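1. Make a model of this:
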Amino acid sequence: MALMPKRVKHRKQQRGRIKGEAQRGNTIAYGDFGLQATEAGYVTARTIEASRIAIMQYIRGEGKLYIRIFPHKPVTARPLETRMGKGKGDPDHWVAVVRPGTVLFEVLGVSKDAAKDCFARVAYKLPVKVRLLEKTPGPLQS
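-> Model prediction:
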């Protein structure tokens, strides 16, 4: 079953524009390695699920996966072969809005080579360009 919100206040949303870089969710918080978007775009719930399956098949229970994005935005579509007019279509699928700098996935407990190979497989599935991030110890961590 694809990811989607349990309840929403409004069934349909306007598209809007993706402006600027990610202010939040742009650093590694849970894992050792992360996959960070370098450009803006929409990632569908199906793509997130396909990426999750690809990562879980690769790490095979060794490490832990953290998914840092969630599809909150509904995208509507008109039925095929329908004439113009007659209003807006029904919600068709859900997407996560991704800004440049957003961390999409994180893994914990795997080697750098494994994380690199794993995220290379996932990057192929994603509609945005991504790069590998490595957690750097902070000033209070040793």
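
2. I'd guess Cys118 is in a helix, am I close?
-> Yes. Membership of Cys118 in a helix is supported by DSSP: H, G, I helix; E, B strand; the rest coil.

3. This protein: strands as residue ranges?
-> Secondary structure of the chain (DSSP state E): strands located at 33-37, 41-44, 64-67, 73-77, 90-98, 103-108, 130-134.

4. in the longest one, what's buried?
-> Put plainly, it is strand 90-98. Within strand 90-98, the residues that count as buried by 16 or more other Cβ atoms under 10 Å are 91, 93-98. In this view, the C-beta of every residue, glycine as well, is placed from N, C-alpha and C.

5. ditto for the last one
-> Residues of strand 130-134 classed as buried by neighbour count (16+ other Cβ under 10 Å): 130, 133.

6. shaky segments in this protein?
-> 1, 141-142 (pLDDT under 70).

7. Could you measure from the residue lying farthest from the centre of it over to Val122?
-> The centre of the chain is farthest from one residue, Arg83, which by Cα atoms, centre = their mean lies 33.7 Å away. Arg83 sits 40 Å away from Val122, going by Cβ to Cβ, to the nearest Å.

8. can you check Glu39 too?
-> 16 Å.

9. sorry, back to before: now render the strands of the chain as JSON lines, adding distance to Arg52.
-> Below are these laid out as JSON lines (distance: least, Cβ to Cβ, whole Å):
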{"stretch": "strand 33-37", "distance to Arg52": "12"}
{"stretch": "strand 41-44", "distance to Arg52": "12"}
{"stretch": "strand 64-67", "distance to Arg52": "6"}
{"stretch": "strand 73-77", "distance to Arg52": "19"}
{"stretch": "strand 90-98", "distance to Arg52": "13"}
{"stretch": "strand 103-108", "distance to Arg52": "8"}
{"stretch": "strand 130-134", "distance to Arg52": "15"}
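
10. Relative to Arg24, which of those is closest?
-> Closest approach to Arg24 among the strands of the chain (Cβ to Cβ): strand 103-108, 10.1 Å.

11. What helices and strands are in contact with the closest one?
-> Contacts defined by 3 or more Cβ pairs under 8 Å, 6 or more residues apart in numbering; DSSP states H and E place strand 103-108 against strand 33-37, helix 45-59, strand 64-67, helix 112-125.
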